[in-house]
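Engineer: Quick check, what structure comes out for this input:
(2 chains)
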Number of protein chains: 2
Amino acid sequence: MSTAWRVVIVGGGFGGLRAAQNLKSDFVEVTLVDRRNYHLFQPLLYQVATGSLSAGEIASPLRGVLSGQKNTRVLLGTVVDLDPESKHVTLQDGAVLQYDSLIVATGSQTSYFGHNEWQEWAPGLKSIEEATTIRHKILYAFEVAERISDPAQRRAWLTFVIVGAGPTGVELAGAIAEIARQTLRNDFRSIHPEEAEVILLDGAPRVLMNFPEDLAEKATRSLGQLGVQVKCGEMVQHVDKEGLTIASGGQADTIAAKTVIWAGGITASPLGKILATRTKAETDKGGRIKVQPDLTVPNYQDIYVVGDLASAADEHGKPLPGLAQVAMQGGAYAAKAILRRVKGQPELPPFRYFDKGSLAVIGRAAAVANVFGMHLSGFLAWLVWVSIHLMYLVTFQNRLTVFIQWAIQDLTFNRGARLITGVAPTDFNFDREVSGVRSAPEITLR
Amino acid sequence: MSTAWRVVIVGGGFGGLRAAQNLKSDFVEVTLVDRRNYHLFQPLLYQVATGSLSAGEIASPLRGVLSGQKNTRVLLGTVVDLDPESKHVTLQDGAVLQYDSLIVATGSQTSYFGHNEWQEWAPGLKSIEEATTIRHKILYAFEVAERISDPAQRRAWLTFVIVGAGPTGVELAGAIAEIARQTLRNDFRSIHPEEAEVILLDGAPRVLMNFPEDLAEKATRSLGQLGVQVKCGEMVQHVDKEGLTIASGGQADTIAAKTVIWAGGITASPLGKILATRTKAETDKGGRIKVQPDLTVPNYQDIYVVGDLASAADEHGKPLPGLAQVAMQGGAYAAKAILRRVKGQPELPPFRYFDKGSLAVIGRAAAVANVFGMHLSGFLAWLVWVSIHLMYLVTFQNRLTVFIQWAIQDLTFNRGARLITGVAPTDFNFDREVSGVRSAPEITLR
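Structural biologist: Below is the predicted model of the structure:
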């Protein structure tokens, strides 16, 4: 039996993976536990949802990424409990992992603000499966519209609503507008895909609340040029099979839309609640664990929480945003702190997030970027966005194929991955939906 | 209302797509109906199943491929009936498509020879969904083995059986052996993936019955070098959750294997039966429609059957094999025959299949090829295989990304697409399966 210091990392996202990579050392034995066998590059998930990239291009098998680290073991499993006193976590199958240091990096999940019943009609975008579902819904909607004769029904199938105007919502709306206006332009014979309505909704007074106001304005203008209707200050009251009800002020309004995508909010992953119960740690209203300045849980200096699950503050007391950068820097910090401790070196100063900036892309060759204090927009911002995202993709193989897909797409507007695969969502049965089918022999050629 | 000659094509595989492409002409109005919105390059599906390629790399959206043909319309739908007298087909939703000429190219599906209950434990490889399921099963098996302590159970999880030693079976077996011996070599800490057993079974006396004997022998040798056990002359008696029972002569034998893949046989797609009933056409024992020398159904000169659904004979009366080449040439022939007829030109001579040869790849940089009468094996055959497959991929985009994936993989042995996604197959519940879990703190480092 080895006597090395045992580090258990729960979650192989940006925080957990970075921690594991920085713990490559003979001083520690690392076990990384994840429900999935891959690391997912979440910021590009919307491109899988909109048919630009394949899942394999933004995901890397965790075992492959870490196979060169002989001190590291990857376990496929779900952590369902932990005991901070006897220092172990329990997996769903009953297996127990003893730790000397624990890093909890299980991130966040989509929040419907108490309306989980909306999920059926408005999928979120956190996993490859959800991205495939959204892709399915978007592409299928055009297929149904092509075959339907009733104008109101057809309009509902050609209306796409994205709830939430953060970066993901903005990027989704831009990509869907491009699909309608560019990619599918010549693909149909009865409908004009460019007549599709793409609506981006948010309860906040403007898009991209985490960005400076001038960039948000530029983003709104770019979205408008792509044909996206931006509606801010609108609260969602209800979502169902036929669309959604929104309200601004006292006024309620109904939008008939067969495709609604939820980019509206996130909440802590389930392990957060268990961790809070077991350690009596406080949580914020999103369920995130309020951590100490060194990212540990109060009273448990061996438990680090990094990434979206942690509620940490910057030097002004402002909570840090749920960004990949925050998670990666947190993971690196926890790894370094643990190695110092094991080696008997002095403690690290408190965690400081170094804000490299934020980015959102709006369709082809346009973006907004707030980097190193500079406000960029348009093509230049897009170049920054492309470079940074390629740089951070985990493997060289992914970088190369993503680059090529983008290059081809920018030259041709083609989206090679626009496949309808997998099981249809519950509300989706082509042959059930299409009641008023056009009699097909009447081919209208354009 | 247009008065052009109406051609309905059912199926967007090799035969149907080629027919549609060759019918680009103002003389005809073409409607291509498919259940899927994409053309699938079936010969590379085993690479999706074994994590070398992503689904998007071997599939092309039909609308995209045909968007430049203004006389062609793509419909997403399932044909459930046809009336050869009033000349129409009926879709599942009740829509009716009137035709002047019909091309039926719905292909084949996996046959379990009357044992459809085996499908649950031994998926076939005909669709992207099945490829994803097989990938899931293969990768998950190593994950379970890593965590299980009982040696017999672990052996069963590390035993992979492929039923059927045609090209697909040979290619799958070779790829799985490579995954175990190369790709995953350094990825696990408790198991040695290279100890996995890969068994290729067939009832026939040798592998690759459609190939010349010397090439089949070479293929068997190459498989042996990769560590595949080839067992010929073995009939499958039973398949279930725990493995399968095989028999040669009077002797029955049981193989404990958690992963069984069925590459054992095909049968005509369901529309074949309907077509046979409605036209009173004869079928062969695989359910394929016995067509005339001009690929039409007897007594119905307006109905062509091409590809795997057609039972056609070569000039020596030998039935043509179910290959992409046969389907493509059949589709091209039907298109040409229809255009001649519409233009009032003389009839074509009977369909003649031009056999360009057959190919099967066995792992990295090895293949067997029977091309233009030459028997090639090893690296040269593999080069031919690579060139031909890249050439026939439908779009430039796919060609480029597949080429790059292969190049990287051949340099690194890495398989970037080895993701476990989607819903687990019914027999697959990690936390239910793993009963005798090893106590994880005992990390055995190699």
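
Engineer: If we ignore the residues flanking it in sequence, what's nearest the residue in the stretch 151-300 of chain A positioned nearest to chain B?
Structural biologist: In the stretch 151-300 of chain A, the residue that lies nearest chain B is residue A:187 (3.8 Å; Cβ to the nearest Cβ). Just so you know, the C-beta spots here come from the backbone N, C-alpha and C atoms, and that holds for glycine as well. Nearest in space to residue A:187, with sequence neighbours left out and distances taken as Cβ to Cβ, 6 or more residues apart in numbering or on different chains, is residue B:63 at 3.8 Å.

Engineer: Neighbours of residue A:345, how many?
Structural biologist: Number of residues near residue A:345 (other Cβ atoms under 10 Å in any protein chain shown) recorded here: 11.

Engineer: Check residue A:365 too.
Structural biologist: Residue A:365: 14 neighbours (other Cβ under 10 Å).

Engineer: do the one 10 residues further on as well
Structural biologist: Neighbours of residue A:375 under the rule other Cβ under 10 Å: 16.

Engineer: thought the residue of the stretch 151-300 of chain A closest to chain B was touching residue A:179?
Structural biologist: No: look at residue A:187 against residue A:179 with Cβ atoms under 8 Å: they stay out of range, at 10.0 Å.

Engineer: Give me the pLDDT for whichever residue of the stretch 251-400 of chain A sits closest to chain B.
Structural biologist: Proximity of the stretch 251-400 of chain A to chain B (Cβ to the nearest Cβ) peaks at residue A:397, 4.6 Å away. Predicted confidence (pLDDT) for residue A:397: 73.

Engineer: Could you double-check that it lies in contact with residue B:401?
Structural biologist: No: with contact defined as Cβ under 8 Å, residue A:397 does not count as touching residue B:401 (10.9 Å).

Engineer: Neighbour count: those two, which is higher?
Structural biologist: Neighbour count, other Cβ under 10 Å: between residue A:397 and residue B:401, residue B:401 has more, with 27 against 24.

Engineer: residue contacts, the more buried one?
Structural biologist: Residues in contact with residue B:401, defined by Cβ atoms under 8 Å, 6 or more residues apart in numbering or on different chains, are A:401, A:404-405, A:416, B:57.

Engineer: For ChimeraX, what selects the buried ones among those residues?
Structural biologist: The following ChimeraX line selects those of the contacts of residue B:401 that are buried, judged by 16 or more other Cβ atoms under 10 Å in any protein chain shown:
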select /A:401,404,405,416 /B:57
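
Engineer: In helices only, show me the contacts of residue B:401.
Structural biologist: A:401, A:404-405, B:57 (DSSP state H).

Engineer: got any residues that touch both of residue A:187 and residue A:179?
Structural biologist: Counting by Cβ under 8 Å, 6+ apart, the common neighbours of residue A:187 and residue A:179 are residue A:193.

Engineer: in what helix or strand does the residue of the stretch 251-400 of chain A closest to chain B lie?
Structural biologist: Using DSSP states H and E, residue A:397 falls within helix A:396-412.

Engineer: for the residue lying closest to residue A:19 once chain neighbours are set aside, helix, strand, or coil?
Structural biologist: Nearest non-adjacent residue to residue A:19, counting by Cβ to Cβ, 6+ apart: residue A:331, 3.7 Å away. Assigned by DSSP: H, G, I helix; E, B strand; the rest coil, the conformation of residue A:331 is helix.

Engineer: Surely the residue of the stretch 151-300 of chain A closest to chain B forms part of a helix?
Structural biologist: No: using three-state DSSP, the assignment for residue A:187 is coil, not a helix.

Engineer: Pull the number of nearby residues for it.
Structural biologist: For residue A:187, the count of nearby residues is 20 (other Cβ under 10 Å).

Engineer: Could you pull up the contacting residues of it?
Structural biologist: Going by Cβ under 8 Å, 6+ apart, residue A:187 touches A:142, A:193, B:61, B:63-64, B:67, B:74.

Engineer: What about residue A:154, how many residues nearby?
Structural biologist: Neighbour tally, residue A:154, other Cβ under 10 Å: 21.

Engineer: mind listing what it touches?
Structural biologist: Residue A:154 makes contacts with A:145, A:148, A:191, as judged by Cβ under 8 Å, 6+ apart.

Engineer: re the thing from before, for the contacts of residue B:401, give me a markdown table that also has pLDDT.
Structural biologist: Compiled in a markdown table, the contacts of residue B:401 are given as follows (pLDDT from 0 to 100):
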| residue | pLDDT |
| --- | --- |
| A:401 | 79 |
| A:404 | 78 |
| A:405 | 78 |
| A:416 | 66 |
| B:57 | 87 |
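
Engineer: Number of residues surrounding the closest residue in space to residue A:119 that isn't next to it in sequence?
Structural biologist: Ranked by Cβ to Cβ, 6+ apart and with sequence neighbours excluded, the top spatial neighbour of residue A:119 is residue A:112, at 6.0 Å. Residues near residue A:112, counting by other Cβ under 10 Å, number 18.

Engineer: How about the secondary structure of residue A:112?
Structural biologist: Assigned state for residue A:112: coil (three-state reduction, three-state DSSP).

Engineer: my guess is residue A:334 meets residue A:20, correct?
Structural biologist: No: the criterion here is Cβ under 8 Å, and residue A:334 misses it with residue A:20 at 10.4 Å.

Engineer: quick one: which of those two has more around it?
Structural biologist: residue A:334 (34 against 29).

Engineer: That one: which element?
Structural biologist: Under the criterion of DSSP H and E, residue A:334 resides in helix A:324-342.

Engineer: Return the list of helices and strands in contact with that helix.
Structural biologist: Contacts defined by 3 or more Cβ pairs under 8 Å, 6 or more residues apart in numbering or on different chains; DSSP states H and E place helix A:324-342 against strand A:5-10, helix A:14-22, strand A:28-34, strand A:101-104, strand A:300-305.

Engineer: so which of those comes closest to residue A:324?
Structural biologist: Of all these, helix A:14-22 sits nearest to residue A:324, with 4.5 Å by Cβ to Cβ.

Engineer: Run through who's touching that closest one.
Structural biologist: Applying Cβ under 8 Å, 6+ apart, the set of residues contacting helix A:14-22 from outside is A:9-10, A:12, A:30, A:32, A:34, A:39, A:42, A:62, A:65-66, A:69, A:72, A:103, A:105, A:107, A:304, A:306-308, A:324, A:327-328, A:330-332, A:334-336, A:339, A:394.

Engineer: Show me the two of the ones in helices among the contacts of residue B:401 that sit farthest apart.
Structural biologist: Applying Cβ to Cβ across these, the maximum distance is between A:404 and B:57, 11.0 Å.

Engineer: ok, back up a step: TSV for the contacts of residue B:401, including distance to residue B:25?
Structural biologist: TSV is the format used below for the contacts of residue B:401 (distance: Cβ to Cβ, whole Å):
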residue	distance to residue B:25
A:401	37
A:404	34
A:405	33
A:416	27
B:57	31
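
Engineer: isn't residue A:261 right next to residue A:161, touching?
Structural biologist: Yes: at 7.3 Å, residue A:261 counts as touching residue A:161 under the criterion of Cβ under 8 Å.
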